[in-house]
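Asker: model the structure of this input:
(4 chains)
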Protein chains: 2
Amino acid sequence: MKVKIVDVAKEANVSVATVSRVVNNIPLVNEETKERVLEAIKKTGYKPNAIARSLKIQKTNTLGIMIPDITNPFYTEMVRGAEDVCGIYNYNIILSNTDFDHEKEQNSLGVLVEKQCDGIIYVGKHLTDELRDDLIDAPSEIVLGCVPDESGQLSGVLIDNEAAAYDLTIECLKMGHTKFAIFYDEYKEGYINQKRLQGIKKALGEWNVELDDDLVYFGSQSTLGGYHMMEEALASGREFTNVFCFNDQIALGAMRAAEDNGKVIPDDVSICGFNNFWIAEWTRPQITTVGQPMYDIGAIATRMLIKMCEKEERETKTVFVPYEMLMRNSVKNLKSE
Amino acid sequence: MKVKIVDVAKEANVSVATVSRVVNNIPLVNEETKERVLEAIKKTGYKPNAIARSLKIQKTNTLGIMIPDITNPFYTEMVRGAEDVCGIYNYNIILSNTDFDHEKEQNSLGVLVEKQCDGIIYVGKHLTDELRDDLIDAPSEIVLGCVPDESGQLSGVLIDNEAAAYDLTIECLKMGHTKFAIFYDEYKEGYINQKRLQGIKKALGEWNVELDDDLVYFGSQSTLGGYHMMEEALASGREFTNVFCFNDQIALGAMRAAEDNGKVIPDDVSICGFNNFWIAEWTRPQITTVGQPMYDIGAIATRMLIKMCEKEERETKTVFVPYEMLMRNSVKNLKSE
DNA sequence: CTGAAAGCGCTTACAG
DNA sequence: CTGAAAGCGCTTACAG
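Answerer: The predicted structure is shown next:
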């Protein structure tokens, strides 16, 4: 039988109120009785029941995190960041994979709310209006990751995707590239795709460089997806010297497909990734990419969320975290020939 | 204000008991009143409070999962498997990273127990006697992942590490290798290290091949760790034609270090990984490795655990799941020269 | 400084 | 078929 507060109260010859006070470290308990209670706790092996406590105080100290797929290293890092700050503040995380599936997202949200999560982090590559409204209506506090609420009602933390894609494009233009292919995510209209595309187009516009729309692919966000997109691009017979990939996994697949078709990277074709998944440093050539502070995004979002849960902060804001240009050797400098 | 069961009871003009019955789909409710209640629920937007329910029924439908580091792809896959079967059975997962740190493990366990997890999955590379005892004493159901309870008191699911290492070694011996290096995990005395080492030694014994103990390294379980171990091995001047790595990340690092030192893989040195992390297929050469069904281990462990939580099953058992020999081209067949 | 008592939001025998 | 009431294990005003 599990021992409960009343058992230790009996053991220590005090009321349950007193036991509760010492368990929760509320002062104004006589030192001597405190000792007695502590002893009784040890003797009985009492462990407080957090569920009962939560019901009473209307706070669970648990956060929900809705994430497309924990298996994607990008999201994994975010979860780790979230977990680590939860550890500091004494919170726990309930994990929920949503697979970019709108129905699963709704379900997840429902469950996390039912389980009375104090706060919920929503991570995705696009926030539909419908889900945004549900999030706003939810009784839990909400912070978004990687995607903003453009209506300004929900807080979020992410990088400026447009600026990052712009910067990367400029770098490639400077190195003499003018023929580009793009291997992006299959969720074509998704927020992240769109922002990055805008960034690329802005840079190209400034340099008066045309983008061949037939070389813009929206494929599966995986190494195999990257492989296939490169095969298609090559088969199209269209000319390109550089490809922008949605992430480093796609870039790796693209590299392999190019190699399997007799191309040398970066001499025959240059490749850019995104995110700086650790593998990007270990490929040969190393992948030029945009470093996104994935761990930090998770950590910052969580810290914001916890502050909201503890009512220290009520203002909603979108935090843009810095990204980093990592020019490595999968992109050739055509100017130095 | 959150709406609760009494609010919908008023709205529908019934007792809370009746509302509870329709919410929980307990039959013996008049069809007509059921309709009325359903309507009231919709109208009020009532969402049951799972915390209150849990307190009453003494079941939370949440599982805890203690895992060294979600960031390690091996564990990530397991968590995904666990999460997916949780989805089927209507459970949720509280995640806890333990970083191979004994103190963190104790803390995690305490928190998960306090939060009344119905069951807990412990994943690690070694189970200390002390933690084992704590696990046994815990009021939650327990299943181990990747590591067994050799005292037979706790259920677990894992591969037969000794047999897998043995098989892999035999394959390499058949290909003519006789000089081996080993790049294993830094937790030297850990269960997994030890079992795999036994498997290797058994195979070598059968073939009358000596193992050079100076070529057995216990380093950091990462690509960089693998890089360093290879550097050391090479610098030692000792002879080896093949190295067994603890996992594929280490193997990748080892490959890079060898290459950076002018070696060609597999012509100058052959490399074996372990686990079949997806990257192993995308390196060039592809990494010969032992496929471990990481997702399945998570899924099976979770299914077992849920069955225990629902008292359908009480017998404790250790399940060995099959592994797979993936002979790719990072190992050279010396016989075919 | 300490205790009696109400109440958090549910479920479920029990009685009708 | 339905409801009144007890109780899950805590916390916390309130009174003393």
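Asker: how many other residues sit next to A:Gly152?
Answerer: Neighbourhood size, A:Gly152 [other C-beta atoms under 10 Å in any protein chain shown]: 11. No exception for glycine: its C-beta is placed from N, CA and C like everyone else's.
Asker: domains in chain A, by residue range?
Answerer: A:5-48, A:60-159+A:294-323, A:161-291 (automatic domain parsing).
Asker: dump the ones you listed to CSV, plus mean pLDDT.
Answerer: Converted to CSV, these look like this (pLDDT from 0 to 100):
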stretch, mean pLDDT
domain A:5-48, 90
domain A:60-159+A:294-323, 94
domain A:161-291, 96
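Asker: tell me where the stretch 51-200 of chain A has helices.
Answerer: A:73-89, A:102-114, A:129-137, A:161-174, A:191-206 (DSSP state H, counting those that start in this stretch).
Asker: the second one - contacts with which helices or strands?
Answerer: This means helix A:102-114. strand A:62-67, strand A:92-97, strand A:119-123, helix A:129-137 (3 or more C-beta pairs under 8 Å, 6 or more residues apart in numbering or on different chains; DSSP states H and E).
Asker: that one to strand B:92-97, inter-axis angle?
Answerer: Calculated by axes from the mean of the first three to the mean of the last three C-alpha atoms, to 10 degrees, helix A:102-114 forms an angle of 80 degrees with strand B:92-97.
Asker: ok now helix A:102-114, how far from the chain's centre?
Answerer: Chain-centre distance of helix A:102-114: 18 Å, with C-alpha atoms, centre = their mean, to the nearest Å.
Asker: turn the helices of the stretch 51-200 of chain A into a markdown table, columns for distance to A:Asn24 and mean neighbour count.
Answerer: Shown next, in a markdown table, are these (distance: least, C-beta to C-beta, whole Å; neighbours: other C-beta atoms under 10 Å in any protein chain shown):
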| stretch | distance to A:Asn24 | mean neighbour count |
| --- | --- | --- |
| helix A:73-89 | 17 | 22 |
| helix A:102-114 | 26 | 18 |
| helix A:129-137 | 32 | 14 |
| helix A:161-174 | 45 | 21 |
| helix A:191-206 | 44 | 19 |
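Asker: out of these, which gets nearest to B:Val79?
Answerer: Nearest to B:Val79, of all these, is helix A:73-89, at 9.1 Å by C-beta to C-beta.
Asker: so is that closest one next to chain B?
Answerer: Yes. Helix A:73-89 is in contact with chain B by C-beta under 8 Å from any C-beta of the partner chain, via A:Pro73, A:Thr76, A:Glu77, A:Val79, A:Arg80, A:Glu83, A:Asp84, A:Gly87.
Asker: follow-up on the earlier one: next, format the helices and strands packed on helix A:102-114 as CSV and append distance to chain B.
Answerer: CSV is the format used below for the helices and strands packed on helix A:102-114 (distance: least, C-beta to the nearest C-beta, whole Å):
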stretch, distance to chain B
strand A:62-67, 7
strand A:92-97, 5
strand A:119-123, 13
helix A:129-137, 9
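Asker: in TSV, list the ones you listed along with distance to B:Trp278.
Answerer: TSV is the format used below for the helices and strands packed on helix A:102-114 (distance: least, C-beta to C-beta, whole Å):
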stretch	distance to B:Trp278
strand A:62-67	19
strand A:92-97	17
strand A:119-123	21
helix A:129-137	30
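Asker: so which residue of the stretch 151-300 of chain A comes closest to DNA strand D?
Answerer: Among all residues of the stretch 151-300 of chain A, A:Ser155 sits closest to DNA strand D, at 26.6 Å; criterion: C-beta to the nearest atom of the strand.
Asker: ok, now which ones touch the closest residue to that residue other than its chain neighbours?
Answerer: Ranked by C-beta to C-beta, 6 or more residues apart in numbering or on different chains and with sequence neighbours excluded, the top spatial neighbour of A:Ser155 is A:Thr316, at 4.6 Å. Neighbour list for A:Thr316: A:Gly152, A:Gln153, A:Leu154, A:Ser155 [criterion: C-beta atoms under 8 Å, 6 or more residues apart in numbering or on different chains].
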